[in-house]
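1. Here you go, sequence then predicted model.
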Amino acid sequence: MRILIVEDDLEAADAMERGLVEAGHSCARAGDGEGGLAAARDGEFDVMIVDRMMPKMNGVQLIETLRREGDQTPVLFLSALGEVGDRVAGLQAGGDDYLVKPYAFAELSARVEALARRRETGSVQTLLRVGDLEMDLIGRAVHRQGKEIDLQPREFQLLEFMMRHAGQSVTRTMLLEKVWEYHFDPQTNVIDVHISRLRSKIDKGFDRPMLQTVRGAGYRLDA
Amino acid sequence: MRLPRIFRTTPFRLTLLFLALFASAASAFLAYIYVATAGEATRRTDQEIVREMRSLTGAYQRAGMDAVNQSLIERAASEKPFLYLLMNSQGERISGSIEDSPVETFTGPAQWISFAVTDRDAQGRLVKHPARGLQERLSGGEILFVGADVGEDEAYVVKIVRALWGAGALVIVLGLAGGVLVSRNVSRSMAGLTDVVDAVRNGDLSARARVRGARDEFDELAAGVNEMLDRLERSMAGHRHSGDAIAHDLRSPLTRLRVRLEAALLDVEAGKGDPTQALQQALEDTDGMLRTFGAVLSIARLQAAGTAPDPVLFDPAELAADISELYAPLSEDKGIDFAAEFSKDLLVRGNREFLAQALANILDNAVKYTPPGGAIMLRVRRRSSGEIEFSVTDTGPGVPEADRGRVIERFVRLENSRSEPGAGLGLSLVGAVAEAHGGRLELDEGPGSVDGAGPGLRVALILPRPA
């Protein structure tokens, strides 16, 4: 995957690049908004990681410009500003996701993967399939190896998100944001409890567990 | 030239203004009284002159000149204060009490005149009295003049005028004196407040205005200033305290972190052991500190803004149901019974995200401190006052009454809960959220002690009725 990093904090950008390259991606970098704009116009990228506050042209202006020019590359905003209003402003400018500094690298990498994946799925799907697990989005039914699994509405949403991001790590914060739509970090492990309930429904009684815990990152649904 | 202080005070200036207004009103009043009394006296004299004239002309018509002369003679003997003069058709004197008519050119059948008569007073001095007179031509051509000395009426009016002037002067003197008294009184009341303001400006936040117990607006102002200073002092103390608390809360994890990294470095340098575990621990410590910072930042922003951003009108039961759905499994997994009870058709105005976080924090604490086998109840209802109340009741150890106020303050963590991570800021943030919504946070005892558990804690987040 080709990733453009537009970030004026060089040390942070170095760490980010090293991590992403290690995960098998290739990266291009720009140190300010104008550089970022030039790089984005020149190259083809799968995801752009853009710092909100930068010299010359800030992240919001950069993305507004690109969106006006028809560039639809998914954008992950990085910001030290974490208030609801800041987040909304970032998303309105054309950002696709928003990550507040400081962040764990696992969080960043999970979100970058999720953004890139979202782009791949072009047509609307009515049936999700991961391994022997099937989700019928219209019939609201889930089957594993042909056996019906009864899920609560929230468990259904949770599983849907995991299936749409099968094979990728998703973090607790991502789940809280995308499934529950809350943007704060709970102090306790509320998400873990929901995951373990879901796990007991889709994995219990089957020979191979699908819902994996990824140390230091979150969870992953494997086929 | 600078006026003495008392003359520069607002009350004194107001007194002067009031006095000026009062003096104009009084002048108008005096003028009216003068016209009414003096005019009335002249009118009465004129009526008497007319009556006398009618009486004499009546006599003339009945019995001619002789009757008039007879009447004049009779009247001259009496103490009647009228002046008479009977003249022939050429204006020559026939008889009367005065020598000449004051009327110089007589034209009409009747003519009024104001003039002066000369008289001797008790000491024999010549004095002039104002007088009024009426001259008429009789049917036989003779001319009759009847006049009256109005000196006594005039003196009466002069007395009235003099009394009025005196009264006016008295009003001004009393008014000025009153103004001085009032302004001195007000200045004294203000001086207390000014002293307090000066003291606070010089850094003494403990200065307080004296409330004199008069229950007037100065007392109200003094009480208001005192309350304001109380809040300010508390807030300043809070900030000072929070500085200490941040230092305290972060020093231990920072120290731990440093020790851990140093040990890991030594291990690596000695070529023994794998530093992974130490680094993981270090990361966890850092995350904990970042969470603390995040909460501090949220609280500081809410407190600085004073209001919740982006408020919307929504159903609080819906929010509570959402959050219960998030927390019920956590509670049940710990063996704590979770119950919820929501009133229908309620509305609140607020920032949904902040309120969700506040409820989550309250529930976080409840789950954390309630032992297995206990119970947690989340309730949303409308108070009789119209306020909306979210409450969470648990059967944990509760908070001693003496400490309840402190728990809400920033960074305060009760001594016996120091070992629990991150508990310090939860309720402070809830308090900040409540305050930003114009509401408040109340802590109470829970359901009481049962079988060694309890007495529990009841945390109520109370929001004002939506306008």
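-> Structure received.

2. residues touching A:Phe77, list them.
-> A:Val50, A:Asp51, A:Arg52, A:Gly59, A:Ile63, A:Gly90, A:Leu91, A:Gly95, A:Asp97, A:Tyr98, A:Leu99 (Cβ atoms under 8 Å, 6 or more residues apart in numbering or on different chains). Just so you know, the C-beta spots here come from the backbone N, C-alpha and C atoms, and that holds for glycine as well.

3. Tell me how many other residues surround the last one.
-> Spelled out, it's A:Leu99. The number of residues packed near A:Leu99 is 23, by other Cβ atoms under 10 Å in any protein chain shown.

4. Are any of the contacts of A:Phe77 buried, and if so which?
-> With burial judged by 16 or more other Cβ atoms under 10 Å in any protein chain shown, the buried subset of these is A:Val50, A:Asp51, A:Arg52, A:Gly59, A:Ile63, A:Gly90, A:Gly95, A:Asp97, A:Tyr98, A:Leu99.

5. wait, doesn't B:Gly273 sit right on B:Asp267?
-> Yes - using Cβ atoms under 8 Å, B:Gly273 is in contact with B:Asp267, at 4.2 Å.

6. Can you spell out the domain ranges of the chain, please?
-> Just going to use chain A. What automatic domain parsing lists as the domains of chain A is A:2-120, A:127-221.

7. That was the other one, I meant chain B.
-> As recorded under automatic domain parsing, the domains making up chain B are B:8-157, B:217-305, B:312-463.

8. which one of those domains is the most hemmed in?
-> domain B:312-463 (a mean of 19; mean count of other Cβ atoms under 10 Å in any protein chain shown).

9. any idea of the mean pLDDT in it?
-> Averaging pLDDT along domain B:312-463 yields 85.

10. What is the end-to-end distance of that domain?
-> Distance across domain B:312-463, first residue to last, is 13 Å (Cα to Cα, to the nearest Å).

11. Measure how far it is from the centre of its chain, please.
-> Here the centre of domain B:312-463 is set off from its chain's centre by 39 Å, with Cα atoms, centre = their mean, to the nearest Å.

12. Just grab the bridge partners of A:Ile49 for me.
-> Here A:Ile49 sits in beta bridges with A:Ile5, A:Leu76, going by DSSP bridges.

13. Make sure it is actually in contact with A:Val112.
-> Yes - under the criterion of Cβ under 8 Å, A:Ile49 makes contact with A:Val112 at 6.8 Å.

14. A:Val170: helix or strand, and which one exactly?
-> Element membership for A:Val170 (DSSP states H and E) is strand A:169-171.

15. Would you map the strands across chain A?
-> With strands called from DSSP state E, chain A shows them at A:2-6, A:26-30, A:47-51, A:75-79, A:97-100, A:127-130, A:133-136, A:141-144, A:147-149, A:169-171, A:211-214, A:218-221.

16. Check chain B too.
-> Under DSSP E, chain B gives strands at B:82-87, B:93-96, B:110-120, B:126-137, B:143-149, B:312-314, B:337-342, B:348-350, B:375-382, B:388-394, B:440-445, B:457-463.

17. Would you convert those strands into TSV that also reports distance to B:Pro11?
-> TSV is the format used below for the strands of chain B (distance: least, Cβ to Cβ, whole Å):
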stretch	distance to B:Pro11
strand B:82-87	59
strand B:93-96	67
strand B:110-120	50
strand B:126-137	47
strand B:143-149	53
strand B:312-314	49
strand B:337-342	58
strand B:348-350	44
strand B:375-382	49
strand B:388-394	47
strand B:440-445	40
strand B:457-463	44
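
18. Of the ones you listed, which is nearest B:Val171?
-> strand B:126-137 (30.0 Å; Cβ to Cβ).

19. Can I get that closest one in PDB? Just the C-alpha atoms.
-> Provided in PDB are the C-alpha atoms of strand B:126-137 (Å, rounded to 0.1, in the frame of the first residue of the first chain):
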ATOM      1  CA  LEU B 126     -46.900 109.400  56.700                       C
ATOM      2  CA  VAL B 127     -47.300 106.100  54.900                       C
ATOM      3  CA  LYS B 128     -48.600 105.200  51.500                       C
ATOM      4  CA  HIS B 129     -51.200 102.400  51.300                       C
ATOM      5  CA  PRO B 130     -52.200 100.700  48.100                       C
ATOM      6  CA  ALA B 131     -55.900 101.200  47.300                       C
ATOM      7  CA  ARG B 132     -58.500 100.300  44.800                       C
ATOM      8  CA  GLY B 133     -61.400 102.400  43.700                       C
ATOM      9  CA  LEU B 134     -64.500 102.500  41.500                       C
ATOM     10  CA  GLN B 135     -65.900 105.800  40.000                       C
ATOM     11  CA  GLU B 136     -69.300 105.900  38.500                       C
ATOM     12  CA  ARG B 137     -71.600 108.600  37.000                       C
END
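
20. Quick check: neighbours of that strand in the sheet, parallel or antiparallel?
-> For strand B:126-137, pairing defined by DSSP bridges yields strand B:110-120 (antiparallel), strand B:143-149 (antiparallel).

21. how about the ones you listed in CSV, adding distance to B:Leu283?
-> Formatted as CSV, the strands paired with strand B:126-137 follow (distance: least, Cβ to Cβ, whole Å):
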stretch, distance to B:Leu283
strand B:110-120, 116
strand B:143-149, 121
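
22. hey, least reliable of those strands by pLDDT?
-> Looking across the strands paired with strand B:126-137, the weakest by mean pLDDT turns out to be strand B:110-120, at a mean of 81.

23. what does the stretch 251-400 of chain B put close to chain A?
-> Proximity of the stretch 251-400 of chain B to chain A, by Cβ under 8 Å from any Cβ of the partner chain, involves residues B:280, B:283, B:287, B:290-291, B:294, B:297, B:301, B:309-310, B:322, B:325-327, B:329-330, B:333, B:351, B:353-354, B:356-357, B:360-361, B:364, B:367-368.
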